[in-house]
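Novice: coordinates only, sequence not included:
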């Protein structure tokens, strides 16, 4: 499998109706995908593969499941609390400053969390969108209560909006996009929301 195929499928998946996705599509089309993929990839844990193989999952999950990459928690911050709350994440940046393909305009990657996990409140200058591909997750924006999202639904986070994520009995897989100021030096992690009942 090549990144060219995956990037073409991602372009088809993203919507022209959302500026952040329109920008990501343009960058995917500009990308030079003739890169070497790892020879010793780290496979996804079974809870991710389980939801990605369901009939309800987006068909692109079949490509993602075969992608030979190093799945690992993201390294957005060196904060010890962030690192403590990251071991249950699966992530690969496809396009971006740290991506398999370099880009200084966009960060776009694949991201999921194992069941019964919680990634607390964080903020960053980049505008962000997550597009759910498989499973389900609960998303919290600012002071609003958590809202459960499923395949095909989006969680959009304007610049500096606090947001948090948690899972129930199943894992999820998603695409994320960062647009605008995609540096990580102003990323802040605040830990789990105080009101767990929200």
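Specialist: Yep, it's here. On a predicted model such as this, the values are computed, not experimentally measured, just so you know.
Novice: residue boundaries of the helices in the chain?
Specialist: For the chain, the helices defined by DSSP state H occupy 3-13, 19-30, 46-52, 60-65, 80-84.
Novice: Where does pLDDT dip in the chain?
Specialist: Low-confidence segments of the chain (pLDDT under 70): 1, 195-198.
Novice: hmm, 80 instead?
Specialist: Counting by pLDDT under 80, the low-confidence segments of the chain come to 1-2, 38, 194-198.
Novice: Tell me how far stretch 122-142 lies from the chain's centre.
Specialist: 8 Å (CA atoms, centre = their mean, to the nearest Å).
Novice: same thing with stretch 8-16?
Specialist: Distance of stretch 8-16 from its chain centroid, counting by CA atoms, centre = their mean, is 15 Å.
Novice: how about that stretch: buried residues?
Specialist: Buried residues in stretch 8-16, counted by 16 or more other CB atoms under 10 Å: 9, 10, 11, 13, 14. For glycine as for every other residue, the C-beta is placed from the backbone atoms N, C-alpha and C.
Novice: and of these, the nearest to residue 69?
Specialist: Nearest to residue 69 among those, counting by CB to CB, is residue 10 at 14.3 Å.
Novice: if I look at that closest one, how far off is residue 102?
Specialist: Distance of residue 10 to residue 102, computed by CB to CB, to the nearest Å: 17 Å.
Novice: And for residue 119?
Specialist: As for residue 119, its distance to residue 102 is 26 Å (criterion: CB to CB).
Novice: Pick out whichever of these two has more residues nearby.
Specialist: More crowded of residue 119 and residue 102, by other CB atoms under 10 Å: residue 119, with 21 against 12.
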